[in-house]
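A.B. asks: sequence isn't available, so here's the structure alone:
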């Protein structure tokens, strides 16, 4: 069957695409940038142009599709995305039978529309991506050899993006995941200081951790172009992270039959990006 992967060049979507190809599935990748997708995606993946905020652009991409991996927002720094829930009605009308949604910070209109549809559905709800540290710390470590961060003792049960993708692929290909909402974490909760130490161990270099004051952190976010509402949100989340963000769950192991990958393993896989 044809599986449509949206966000196929993103942090999770690229893993989903690669895993589906490895499993022998025919994959059609939906993208707003076909040229970029052709460079990043495996050979044999069909590229379809479309925009999740404009459902009318998806009619051709949905032809013959039986399952779909759907994102609701973009994890790419240069791409703003809020998926139009009308995509679900269009997908159902086109004959899509199964949808797996990568849920962002919280459920919204897309998830509501999916639950109300006649399609099989699974929600994949990860905590913080391990890959987020590439955005947050990579350039600091490469250029200065240091991490400056607010609330160094705040805990996070970061999850490997490859594990998120593997759970999504199981739900796309298997018939026993309908109606499930999978909360995904890594196998441990680490502080920001501990995560930096894991990266230091992976690259074989000491990385000092410099604790920022709240005002210094707020100014950094402003300098990055965030508005005051976002700055306030970031500050509150850093000071009072939700319990769900640092509570370790066995979901990855239960779905995949293997242990979730640790942050130390992730750091070794990505060590070249910090050097």
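C.D. replies: Perfect, thanks for sending it. It should be emphasised that the depicted structure is a prediction, and the values quoted were computed from it without experimental measurement.
A.B. asks: for residue 259, what are phi and psi?
C.D. replies: phi -70, psi 150 (degrees, to the nearest 10).
A.B. asks: hmm, I was thinking of residue 92
C.D. replies: phi -60, psi -40.
A.B. asks: contacting residues for it?
C.D. replies: Contacts were defined as C-beta atoms under 8 Å, 6 or more residues apart in numbering; by that measure residue 92 touches 117, 118, 119. In this view, the C-beta of every residue, glycine as well, is placed from N, C-alpha and C.
A.B. asks: who wins for most neighbours among those residues?
C.D. replies: Among these, residue 119 has the most neighbours (other C-beta atoms under 10 Å), with 18 neighbours.
A.B. asks: wait, that residue touches residue 96, no?
C.D. replies: Yes: counting by C-beta atoms under 8 Å, residue 119 touches residue 96, with 6.1 Å between them.
A.B. asks: distance to residue 153, pLDDT and secondary structure added to the contacts of residue 92, as TSV?
C.D. replies: As requested, these are arranged in TSV below (distance: C-beta to C-beta, whole Å; pLDDT from 0 to 100; DSSP: H, G, I helix; E, B strand; the rest coil):
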residue	distance to residue 153	pLDDT	secondary structure
117	43	97	coil
118	47	96	coil
119	43	98	coil
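A.B. asks: hmm, who's touching stretch 22-34?
C.D. replies: Contacting residues not belonging to stretch 22-34 are listed as 1-9, 13, 17, 20-21, 37, 41, 44-52, 58, 61, 65, 79, 169, 172-173 [C-beta under 8 Å, 6+ apart].
A.B. asks: what subset of these is buried?
C.D. replies: Neighbour counting with 16 or more other C-beta atoms under 10 Å marks 2-9, 13, 17, 20-21, 37, 41, 45, 47-48, 50, 52, 58, 61, 65, 169, 172-173 as buried within these.
A.B. asks: and the residues you listed, which of them are in helices?
C.D. replies: 13, 17, 20, 21, 37, 169, 172, 173 (DSSP state H).
A.B. asks: now the fifth one: how far from residue 44?
C.D. replies: By that I understand residue 37. Separation of residue 37 from residue 44 (C-beta to C-beta, to the nearest Å): 13 Å.
A.B. asks: which pLDDT value belongs to residue 78?
C.D. replies: Note on residue 78: pLDDT of 48.
A.B. asks: which regions of the stretch 101-250 of the chain lie under the pLDDT threshold?
C.D. replies: By pLDDT under 70, the stretch 101-250 of the chain contains no weakly predicted segment.
A.B. asks: that one: helices as residue ranges?
C.D. replies: Assigned by DSSP state H, counting those that start in this stretch, the stretch 101-250 of the chain shows helices spanning 109-116, 132-144, 161-173, 192-203, 214-223, 228-239.
A.B. asks: distance to residue 267 for those helices - can I get that in a markdown table?
C.D. replies: Shown next, in a markdown table, are the helices of the stretch 101-250 of the chain (distance: least, C-beta to C-beta, whole Å):
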| stretch | distance to residue 267 |
| --- | --- |
| helix 109-116 | 32 |
| helix 132-144 | 9 |
| helix 161-173 | 13 |
| helix 192-203 | 4 |
| helix 214-223 | 23 |
| helix 228-239 | 21 |
